[in-house]
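Visitor: Just need the structure, nothing else, for what follows:
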Amino acid sequence: MAERRIRVLVAKPGLDGHDRGAKVVARALRDAGFEVIYTGIRQTPDMIAEAALQEDVDVVGLSILSGAHMTLVPKVIQALGEAGMGDVVLLLGGIVPDEDIKALNEIGVKGVFGPGTPTGDIVDFIHAELAEPA
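Guide: Got it, this is the predicted structure:
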């Protein structure tokens, strides 16, 4: 039986309409063998959680360029928890000041990837996060 491919949801929460980076990452993840679901722009936290649940994803990747990450990410985490998806690997990409990364990690964001991050680094990070313990 074939091994199940890693499923990744890429979402743009909030009113930020700039999605080029999210599309580049989504394509790179697809090319790396992941099954990728891209929700499009202007998603609410509840919409993202519902899509994660319906698509049975392993990873949720958020792209936020608006600076609203400290408002939107906690709401997405809460919505994922309420949907029973609190165990997914949550990643964040976009413009995130260094001083916010520790706080985001403490509330459940596993990785933060800024502009210019090689997509291979994101692929490797996901594989490492989802690796079976020895």
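Visitor: quick one: what helix or strand has the closest residue to Ala83 other than its chain neighbours in it?
Guide: Using Cβ to Cβ, 6 or more residues apart in numbering and skipping residues adjacent in sequence, the residue nearest Ala83 is Ala49, 4.1 Å away. (Glycine included, C-beta is placed from N, CA and C.) Element membership of Ala49, judged by DSSP states H and E, is helix 45-55.
Visitor: just checking, what packs against that helix?
Guide: Packed against helix 45-55, as judged by 3 or more Cβ pairs under 8 Å, 6 or more residues apart in numbering; DSSP states H and E, are the following elements: strand 7-11, strand 59-64, helix 69-82.
Visitor: Mean neighbour count and mean pLDDT added to those, as JSON lines?
Guide: Supplementary listing: the helices and strands packed on helix 45-55 in JSON lines, determined by neighbours: other Cβ atoms under 10 Å; pLDDT from 0 to 100:
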{"stretch": "strand 7-11", "mean neighbour count": "24", "mean pLDDT": "98"}
{"stretch": "strand 59-64", "mean neighbour count": "25", "mean pLDDT": "97"}
{"stretch": "helix 69-82", "mean neighbour count": "19", "mean pLDDT": "98"}
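Visitor: out of the ones you listed, which comes closest to Arg20?
Guide: Counting by Cβ to Cβ, Arg20 lies closest to strand 59-64 out of those; the figure is 9.5 Å.
Visitor: How far does the closest one sit from its chain's centre?
Guide: Mean C-alpha position of strand 59-64 versus that of the full chain (Cα atoms, centre = their mean, to the nearest Å) differs by 2 Å.
Visitor: please begin residue numbering at 7 from this point
Guide: OK, 7 is where the count begins now, so the last one is strand 65-70.
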